[in-house]
Each structure stands twice: as structure tokens, then as C-alpha cells.
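1. Output the structure for:
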Amino acid sequence: MALMHYAQLIGTPGIEVHLHATTLYNSIYRGDDQMLVNAHVFGMNAYGAPLWHLRQETEGGVFDGYAESFEAVWALSRPATKE
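-> Numbers count the residues shown, from 1 in each chain. Next comes the predicted model:
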């Protein structure tokens, strides 16, 4: 579903869109020291679920936990292509 909305960004300088087959319980959109985390809630569309705006302010905090998760999935992902 996300690819349907973000496919037009594929190929834009400075933006990378990747695909993965990992089961996740949130969507993470990251840019440098900030990220948006959209928690998945059973029976609820993403637009109605909580969205957290996290900033990296200290080491070892919530931001770092989500950043580690993001990096682990990113390592398993592959670049999306326009079809």
C-alpha cells in the first residue's frame, strides 16, 4: 500500500525507497536525526493509528531503538523500481 503512495518518489535524488518481506508492527520514515513512526493497530487504517515524531536527543533512547530496527530491516531490503 505504501508503494502505491510513494512510487512517484522513486528516482528522486536524495530519496531511497526500499522493499522488504519482514513482518513489521509499525512503519518508519526516517530523515537524519528525525523519524516518523506509525504504529500499526489491528482493525485500524494507518491514517487513524498513532504517529510519533521522534528526534534523536540522547543516546540509547526511544529514537535509537527504532533506528536499530530500521537499519536491520534496511539491510534485508532491496531498492524499489518503477514498473
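2. At the geometric centre of the protein, which residue do we find?
-> By C-alpha atoms, centre = their mean, the chain has its centre lying nearest to residue 28, at 2.4 Å.
3. wait, isn't that residue in contact with residue 66?
-> Yes: using C-beta atoms under 8 Å, residue 28 makes contact with residue 66 at a distance of 5.9 Å. In this view, the C-beta of every residue, glycine as well, is placed from N, C-alpha and C.
4. Name the residues contacting each of the two.
-> Common contacts of residue 28 and residue 66 (C-beta atoms under 8 Å, 6 or more residues apart in numbering): 35, 37.
5. can you tell me the helix or strand for the residue lying closest to residue 53 once chain neighbours are set aside?
-> Of all residues beyond its chain neighbours, the one nearest residue 53 is residue 36 (5.8 Å), with distances taken as C-beta to C-beta, 6 or more residues apart in numbering. In this structure, residue 36 is located in strand 34-39 according to DSSP states H and E.
6. quick one on the thing from earlier: check contacts around the residue nearest to residue 53.
-> Contacts of residue 36 by C-beta under 8 Å, 6+ apart are 28, 29, 51, 52, 53, 54.
7. Near the fourth one, how many other residues are there?
-> What that stands for is residue 52. Around residue 52 there are 14 other residues, counting by other C-beta atoms under 10 Å.
8. which residues does it contact?
-> With the criterion set at C-beta under 8 Å, 6+ apart, residue 52 makes contact with 36, 37, 39.
9. Next one: residue 75, what pLDDT does it get?
-> Residue 75 carries a pLDDT score of 96 in this model.
10. chain center to the strand holding residue 36, what's the gap?
-> Distance of strand 34-39 from its chain centroid, counting by C-alpha atoms, centre = their mean, to the nearest Å, is 7 Å.
11. tell me which residues in it are buried?
-> Going by neighbour count (16 or more other C-beta atoms under 10 Å), the buried part of strand 34-39 is 35, 37, 38.
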